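**Student:** From the sequence below, what's the structure:
(2 chains, ligands or ions: 2)
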Amino acid sequence: MAKVSFVVNGEARTLDLDTRTTLLDALREHLHLTGTKKGCDHGQCGACTVMVDGRRINSCLTLAVMHEGDDITTIEGLGTPQKLHPMQAAFVKHDGYQCGYCTPGQICSAVAALDEIKAGIPSHVSADLTAPPQLTAIELRERMSGNICRCGAYSNILDAIAEVAGRTS
Amino acid sequence: MKFDAPATFNPIDRLKVVGRPTDRIDGPLKATGTAPYAYERHDVVPNQAYGYVVGSAIAKGRIASIDLKDAAAAPGVLAVVTAQNAGKLDKGEFNVARLFGGPDIQHYHQAIALVVAETFEQARAAAQLVRVDYVPAKGAFDLAAAKDAAIKLEPSFGGPADTAAGDFAGAFAKAPVRLDATYSTPDQSHAMMEPHASIAAWDGDRLTVWTSNQMIDWGTTDMAKTLRIGKEKVRLVSPYIGGGFGGKLFLRADALLAALGARAAKRPVKVALPRPLMINNTTHRPATIQRIRIGATKDGKIAAIGHESWSGNLPGGDPETAVGQTRLLYAGKNRMTAMRTAHLDLAEGNAMRAPGEAPGMMALEIAIDEMAEKLNLDPIEFRIRNDTQVDPEHPQRPFSQRQLIECLRIGSDRFGWSKRNPAPGKTRDGRWLVGLGVAAAFRNNLLAPSGARVRLDDRGIVTVETDMTDIGTGSYTIIAQTAAEMMGVSLDKVVVRLGDSAFPVSCGSGGQFGANNSTSGVYAACVKLREAVARKLGFNSPDVAFVDGEVRSGNRSVALAEAAGERGLAAEDAIEYGELDKTYQQSTFGAHFVEVAVDAATAEIRLRRMLAVCAAGRILNPKSARSQVIGAMTMGAGAALMEELVVDKRRGFFVNHDLAGYEVPVHADIPHQDVIFLDETDPISSPMKAKGVGELGICGVGAAVANAIYNATGVRVRDYPITLDKLLDRLPEMA
Ligand code: FES
Ligand code: FES
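**Tutor:** Ligands and ions are numbered 1, 2, ... in the order given. Sure thing, here's the model as predicted:
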């Protein structure tokens, strides 16, 4: 067991955890923040995507005790049913989901991916690694490809992200 | 309510709420992570312990001994359950293999133990300490090798095994233009994003399971049967389901083992199947080998059509009914179909999205493309020439609706089909070889009884309760739309509660029958509630109308809230069907169009555009229906290009049993997708005049991709998935 303290969605939390506990299970099983999903527990699906210090990560692939002092944002930190984040609202409007299980991961990933583009971080499909990456469909699809949606809502998810990107850029 | 005559004008036809592209009412919950899935129900019962499943490491044989000592002594462990200490168990009606194996083992990763501990980490660690001594037996794992010994087995759905009309052999032999080709489709996995998961809690001899299940009543029945207790003692609750695709139709090991673990540990237990266990532990879509023979006249009329399919399963399992659509899709006097089933000792084969038609259409619609080419006909024209408005085996039996030709024509216009170069391998766009492909879509419309309860309270709120499930299909929303339309209220006045065995039994989710049947059940209950409201108000003339939250008759009008009064009003009913599906063939139709680009040097395949045109009765919510179709197109693209469970033929298991090895489409694989719904109502189908659409979208799309790849490259691949290695050495010479 070990103590770990971090900030989740703006709130300071301290947990006494089995050191084998993943960040994902710390959130879901200990803090009861079940918006972050477990699809594979092996870094293969993206359902567990959260933002740590502003960068998206697969929370199943990292141990909770490695995050002492970190600032963690989960889907619950983005918005609520009464007060949706613009990305959440766009997913509802464009029906960017079906079963909803991959959705929190898609939304966290989408928010972070737009930030990455804004920060000038290139991707595998960026033609020029030194020029600012473009907000194209192909860039967005590439950057979102770590988030599987078996329901196959991709075409709608892309419409939702593109709408938010257009609004914020 | 018995539906035994075609629907006439009814309150649904007002289309004030039904038929509109409404946002999902559960959308904000899903988008904020507040929709509760099975494993997340910290709220329902305190003191939940964690169960971790141990799967068999052999495919066939038996357990000689199992040593639980170290596991039981590990930190935090509360109980270790095996088939030996679990008490006597039956097998569920819908299960082929037992959910809890041992001493006999029927397939790889069959569950053989559950370790229950205080924490997930403890349970997982202790599960590694269960030591098993196996005696492996020889099994059969190779469909191609077992094919010749396959037997005739009547399937429980989608049969019979053999069909014939006219003289197939004679007509095929005489036909001037003939195709005789063999196709194969691999084993595939549902790979839904939410793993099978359950929380079980006992209260005396009563069991409650919060689970992820498409068919609540089947699950409740089989849980009771397996545990040998009364069905009235079992409650299943499944309000949100993170995908199913047929993989959650049945009671599975997570639910049974949670119940057994909770009994042994004397406290609630939660169990999720670890992702790497899912593929071999649960069901999958069986591989097929299909032979198709088509004989036609020179002017492109089919004279003979034959379709045979071989698949494998465990003893007691069904064949994959891949020949079904061939009995109905095209005209032709002389026809035959046959299915043969080989004994295989892989995990149980069972329904996956559009069982039968999905793999069947993958083969048939390549065959049609090949035949059109032999006849020197455009593949759309060939299909049009062989359209039929009646069941070809029983010409006195018409289709209730059949707009296949319209789908093909409209799609052809919208997609720019006329620009396609019929000569394959001739269209270049820089380094890319470009091709267009088309295929018909076909899937039957299935009718099933479905019940619901509706309540009206003194705030004018209508509450619908049914054990129907929403697996991403949009059930919550279309059921709310139906109740709102029937009771004349706005959508925000309707509350929908689903997925609880305490509610009336519905059709459940499967076979694209959910939307039409479950809303028809809600329609029936609402008809009764309307009668109750009218009766209470003493409105007995036929002009009673439910509009804008009021009941009106003559010059009287009363607010629904007032009519309900303090005690409220409730009604329950179910839809049942007469013989209309025997008098008429009820099916859904569509056309898939695909543009692909294939790298001329590397044979990398990219999808560029996809369009589906669907004729599937009334579309209850075009927004969620469209999502069903694009989702199905995506899964069909996966089937065409990448999905394949690879069989280890020595050890007998699917090797690529996780999401890293079993590849499904990701964002980068899928282009923008378009869907067009034809304006259609089918009064023969139900009072909703709707049919299913969620599986139509996967039927044919794989072949459209295959045909587009052929058009791009001139390489005909008949063995799915079409990966670049199957094209590479046959590509056109580079200029
Ligand atoms: S649960 Fe973390 S990537 Fe799948
Ligand atoms: S919405 Fe079901 S997996 Fe994406």
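**Student:** Which part of chain B gets nearest to chain A, residue-wise?
**Tutor:** With CB to the nearest CB, the shortest gap between chain B and chain A falls at B:Gly33, namely 2.0 Å. For the C-beta atoms, the positions are set from N, CA and C on the backbone; glycine is no exception.
**Student:** ok, for the closest residue to ligand 2 within the stretch 301-450 of chain B, nearest residue in space, not its chain neighbours?
**Tutor:** Nearest to ligand 2, among the residues of the stretch 301-450 of chain B, is B:Arg353, at 12.8 Å (CB to the nearest ligand atom). Excluding the flanking residues, the one nearest B:Arg353 by CB to CB, 6 or more residues apart in numbering or on different chains is B:Phe245, at 4.6 Å.
**Student:** Next: B:Asp345.
**Tutor:** Among residues not flanking B:Asp345 along the chain, B:Gly139 sits closest, at 3.4 Å (CB to CB, 6+ apart).
**Student:** So the residue nearest the centre of chain A, which state does it fall into?
**Tutor:** The centre of chain A sits closest to A:Cys108, judged by CA atoms, centre = their mean, with a distance of 2.7 Å. When classified by DSSP: H, G, I helix; E, B strand; the rest coil, A:Cys108 comes out as helix.
**Student:** Give me the neighbour count for B:Met215.
**Tutor:** 27 (other CB atoms under 10 Å in any protein chain shown).
**Student:** about what we covered before: the residue nearest to B:Arg353 against B:His190, yeah?
**Tutor:** Yes: contact criterion CB atoms under 8 Å: B:Phe245 and B:His190 qualify, at 4.2 Å.
**Student:** Settle it for me: which of the two has more neighbours?
**Tutor:** Shown here are B:Phe245 and B:His190; by other CB under 10 Å, B:Phe245 has more neighbours (30 against 24).
**Student:** Confirm the more buried one sits in a helix?
**Tutor:** No: counting by three-state DSSP, B:Phe245 is not part of a helix but coil.
**Student:** how about the helices in chain A?
**Tutor:** A:23-25, A:75-78, A:86-93, A:103-118, A:137-143, A:154-168 (DSSP state H).
**Student:** show me the contacts for B:Tyr50.
**Tutor:** B:Tyr50 makes contact with B:116-120, B:122-123, B:269-271 under the criterion CB atoms under 8 Å, 6 or more residues apart in numbering or on different chains.
**Student:** wait, B:Gly219
**Tutor:** So B:Gly219 contacts B:211, B:213, B:236, B:238, B:250-251, B:255, B:501 (CB under 8 Å, 6+ apart).
**Student:** what's the most distant pair in those residues?
**Tutor:** Farthest apart among the contacts of B:Gly219 by CB to CB are B:Phe250 and B:Ser501. That separation is 14.8 Å.
**Student:** circling back: quick one: mark the members of the contacts of B:Gly219 that sit in helices.
**Tutor:** Checking those against DSSP H, those in helices are B:Ala255.
**Student:** Can you tell me which of the contacts of B:Gly219 are classed as buried?
**Tutor:** Listed as buried from the contacts of B:Gly219 are B:211, B:213, B:236, B:238, B:250-251, B:255, B:501; burial here means 16 or more other CB atoms under 10 Å in any protein chain shown.
**Student:** mind saving the C-alpha coords of stretch B:474-493 as CSV?
**Tutor:** Coordinates of the C-alpha atoms in stretch B:474-493 are reproduced here as CSV (Å, rounded to 0.1, in the frame of the first residue of the first chain):
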residue,chain,number,x,y,z
GLY,B,474,-31.5,4.3,-29.8
SER,B,475,-34.3,2.4,-28.1
TYR,B,476,-34.7,5.0,-25.3
THR,B,477,-35.3,7.7,-27.8
ILE,B,478,-37.6,5.9,-30.3
ILE,B,479,-39.7,4.5,-27.4
ALA,B,480,-40.0,8.0,-26.0
GLN,B,481,-41.0,9.3,-29.4
THR,B,482,-43.6,6.5,-29.7
ALA,B,483,-45.2,7.2,-26.3
ALA,B,484,-45.1,11.0,-26.9
GLU,B,485,-46.8,10.6,-30.3
MET,B,486,-49.5,8.2,-28.9
MET,B,487,-50.3,10.3,-25.8
GLY,B,488,-50.0,13.7,-27.5
VAL,B,489,-47.3,15.0,-25.3
SER,B,490,-43.8,16.5,-26.0
LEU,B,491,-40.7,14.4,-25.6
ASP,B,492,-39.7,16.0,-22.3
LYS,B,493,-42.9,14.7,-20.7
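**Student:** Report the rounded mean pLDDT for it.
**Tutor:** The pLDDT scores in stretch B:474-493 average 98.
**Student:** just stretch B:352-364 next, same as before
**Tutor:** Mean predicted lDDT for stretch B:352-364 stands at 98.
**Student:** what does stretch B:189-208 give?
**Tutor:** 98.
**Student:** low pLDDT regions in chain A?
**Tutor:** Within chain A, the segments meeting pLDDT under 70 span A:167-169.
**Student:** In contact with the residue nearest to the spatial centre of chain B, which residues?
**Tutor:** Nearest residue to the geometric centre of chain B (CA atoms, centre = their mean): B:Arg353, 3.0 Å. Neighbour list for B:Arg353: B:190, B:245-246, B:632, B:635, B:694-695, B:698 [criterion: CB under 8 Å, 6+ apart].
**Student:** returning to that earlier point: who touches both of B:Phe245 and B:His190?
**Tutor:** In contact with both B:Phe245 and B:His190: A:150, B:352-353, using CB under 8 Å, 6+ apart.
**Student:** hmm, back to that, return the subset of the contacts of B:Gly219 lying in strands.
**Tutor:** B:211, B:236 (DSSP state E).
**Student:** quick check, nearest of the contacts of B:Gly219 to ligand 1?
**Tutor:** Checking these against ligand 1 with CB to the nearest ligand atom, the nearest one is B:Thr211 at 19.7 Å.
**Student:** Beta-bridge partners for the closest one, please?
**Tutor:** B:Ser198 (DSSP bridges).
**Student:** hang on, isn't it packed against B:Ser238?
**Tutor:** Yes: between B:Thr211 and B:Ser238 there is a contact at 5.3 Å, judged by CB under 8 Å.
**Student:** Give me the common contacts of the two.
**Tutor:** Joint contacts of B:Thr211 and B:Ser238 (CB under 8 Å, 6+ apart) are B:38, B:219.
**Student:** Secondary structure element holding B:Val80?
**Tutor:** Here B:Val80, judged by DSSP states H and E, is contained in strand B:77-82.
**Student:** Can you give the distance of that strand from its chain's centre?
**Tutor:** 35 Å (CA atoms, centre = their mean, to the nearest Å).
**Student:** Just the element for B:Met362, please.
**Tutor:** Going by DSSP H and E, B:Met362 is in helix B:357-374.
**Student:** name the helices or strands packed onto the helix or strand following that helix?
**Tutor:** Using DSSP H and E, the helix or strand that follows helix B:357-374 in sequence is helix B:379-385. Contacts defined by 3 or more CB pairs under 8 Å, 6 or more residues apart in numbering or on different chains; DSSP states H and E place helix B:379-385 against helix B:357-374, helix B:404-415, strand B:432-444.
**Student:** Can you read off the backbone torsions of B:His284?
**Tutor:** Note on B:His284: backbone dihedrals following degrees, to the nearest 10 are phi -150, psi 170.
**Student:** Cool, thanks, talk later.
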